[in-house]
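Student: This is a predicted model, with the sequence first.
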Amino acid sequence: MKKLDLRKELKHLYGPPAKEVVRIDVPAMNFLMIDGAGDPNTAPAYAEAVEALFSISYALKFAVKKGELAIDYSVMPLEGLWWADDMSSFATGDRSAWQWTMMIMQPDFITPAMVQAIMREVARKKTLAALPRIRLETFAEGLAAQVMHLGPFTEEGSTIERLHRHIDGAGCQLSGKHHEIYLSDIRKADPAKWKTVLRQPMR
């Protein structure tokens, strides 16, 4: 059986250093996505989106492993695009105004037909409120800067500022949505050791 370690193959995208901001060119990749709004700590829609994304991602993984493709691969981490109509809400901490797209990257052999079949199968076994909102979409960010943030989400501010200063210092402008990749299981890991990739597209 073929084994595929996407995190290892894409280490330049999913494992930046914490001590320095690095510049990358992010290619087009396929993601399962769900859009939503509201405080991720309190909005039911956020928890529902995360549950649905992981349910379908793991169901796809096991179907591919047992099926004709016979490929064993690891489910990729949860990612989020974040923005607000009034970007000052990020600074003031008014998370109720935040909008987001939560997503999980999928191998390039995952097709829309496979996703639809798995969604029907999962829907027969359990009720997932966000399931109908899942879509498979190709997403390309292109030129971006990123850095690893170590610690709780509430302390990301200084790391984000460092990221933005790097972009400004390179004579570039922010372009696109703030992007986070969650590498740690926050249910088990010490918050001081949480690892989050912070990425910002630029032009």
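Tutor: Structure's in. What do you need?
Student: Let's verify the most centrally placed residue in the chain: helix, strand, or coil?
Tutor: By C-alpha atoms, centre = their mean, the chain has its centre lying nearest to residue 79, at 1.0 Å. Taken by DSSP: H, G, I helix; E, B strand; the rest coil, the conformation at residue 79 corresponds to strand.
Student: how near is it to residue 35?
Tutor: 13 Å (C-beta to C-beta, to the nearest Å). From N, CA and C alone the C-beta is placed, and that goes for glycine too.
Student: cool, residue 173 as well?
Tutor: Residue 173 sits 25 Å away from residue 35, going by C-beta to C-beta.
Student: So these two - more neighbours on which side?
Tutor: It is residue 35, of residue 173 and residue 35, that has more neighbours when counted by other C-beta atoms under 10 Å, with 15 against 10.
Student: these two touch, right, the more buried one and residue 101?
Tutor: Yes: at 5.1 Å, residue 35 counts as touching residue 101 under the criterion of C-beta atoms under 8 Å.
Student: can you give me the strands in this protein?
Tutor: For the chain, strands defined by DSSP state E occupy the ranges 2-4, 22-26, 29-37, 71-73, 78-83, 99-106, 135-139, 142-150, 178-182, 195-201.
Student: and the second one, which strands flank it?
Tutor: According to DSSP bridges, strand 22-26 forms sheet pairs with strand 142-150 (antiparallel).
Student: what do you get for the fifth one?
Tutor: Strand pairing for strand 78-83, determined by DSSP bridges: strand 99-106 (antiparallel), strand 178-182 (antiparallel).
Student: nearest to residue 147, of those strands?
Tutor: Evaluated with C-beta to C-beta, these place strand 178-182 nearest to residue 147, the distance being 11.3 Å.
Student: how close does the spatially closest residue to residue 203 that is not a sequence neighbour get to residue 21?
Tutor: Of all residues not flanking residue 203 in the chain, residue 175 sits nearest, at 4.2 Å (C-beta to C-beta, 6 or more residues apart in numbering). Per C-beta to C-beta, residue 175 is found 16 Å from residue 21.
Student: if you count what's nearby, which of these two comes out ahead?
Tutor: Remark: of residue 175 and residue 21, residue 21 carries more neighbours, 22 against 14, as counted by other C-beta under 10 Å.
Student: Give me the neighbour count for the closest residue to that one other than its chain neighbours.
Tutor: Distance criterion C-beta to C-beta, 6+ apart; nearest residue to residue 21, sequence neighbours excluded, is residue 166 at 4.0 Å. The tally of other residues near residue 166 (other C-beta under 10 Å) stands at 19.
Student: residue contacts, residue 166?
Tutor: Listed by C-beta atoms under 8 Å, 6 or more residues apart in numbering, the contact set of residue 166 reads 21, 145, 147.
Student: hmm, back to that, model confidence at the residue nearest to the centre of the chain, what's the number?
Tutor: What the model reports as pLDDT for residue 79 is 98.
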